[in-house]
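Trainee: I'll drop the sequence and a predicted model, then ask my questions.
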Amino acid sequence: MANTKDARVTIALECTSCIQRKTSGKSAGLCRYTTRKNRRNTPARLESEKYCFHCHKHTLHKESKK
C-alpha cells in the first residue's frame, strides 16, 4: 500500500468563473481537471489557465478543497 505521507498528491482544479456564475438559480456546470503536485516543492495552492468546457473559453482554475 502507498504511504499516506507521499510527496505527490492528486488535486482537483476547478473553474473560478463557473463557481461564481449561476443561471436561473441553477449551476450551469462545473469544469474540473485533475493533476498531481509535489507537496514539498509547492505547498501553496495551484492556479492555472485552462480551457473551461462550460464557459467555452480559457479561464483561471484554482485548486479546490477536498
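Mentor: The structure has been received and is ready for your questions. Please read all numbers here as calculations on a predicted model, not as lab measurements. Numbering: from 1, shown residues only.

Trainee: Let me know the pLDDT of the residue nearest to L13 when sequence neighbours are not counted.
Mentor: Excluding its sequence neighbours, the residue lying closest to L13 (Cβ to Cβ, 6 or more residues apart in numbering) is H61, at 4.0 Å. All C-beta spots, glycine's among them, are computed from the backbone N, C-alpha and C. At H61, the model reports a pLDDT of 92.

Trainee: Dump whichever strand or helix holds H61 to PDB, restricted to CA.
Mentor: H61 belongs to strand 57-63 when assigned by DSSP states H and E. The C-alpha trace of strand 57-63 is given here as PDB (Å, rounded to 0.1, in the frame of the first residue of the first chain):
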ATOM      1  CA  LYS A  57     -13.000  29.900 -23.100                       C
ATOM      2  CA  HIS A  58      -9.700  29.900 -21.100                       C
ATOM      3  CA  THR A  59     -10.400  30.800 -17.500                       C
ATOM      4  CA  LEU A  60      -8.500  30.700 -14.200                       C
ATOM      5  CA  HIS A  61      -8.700  27.300 -12.500                       C
ATOM      6  CA  LYS A  62      -7.800  27.000  -8.800                       C
ATOM      7  CA  GLU A  63      -7.000  24.100  -6.600                       C
END
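
Trainee: Going along the chain, name the strands of the protein.
Mentor: 8-15, 22-23, 26-27, 32-38, 47-52, 57-63 (DSSP state E).

Trainee: what mean pLDDT would you report for the fifth one?
Mentor: Averaging the model's pLDDT scores along strand 47-52 yields 93.

Trainee: Relative to that strand, what are the paired strands and their orientations?
Mentor: Counting by DSSP bridges, the strands paired with strand 47-52 are strand 57-63 (antiparallel).

Trainee: Just the pLDDT at the residue nearest the centre of the chain, thanks.
Mentor: Geometric centre of the chain, nearest residue: L13, 0.9 Å, by Cα atoms, centre = their mean. Note for L13: predicted pLDDT of 91.

Trainee: Check G29 too.
Mentor: Model confidence at G29, given as pLDDT, is 61.
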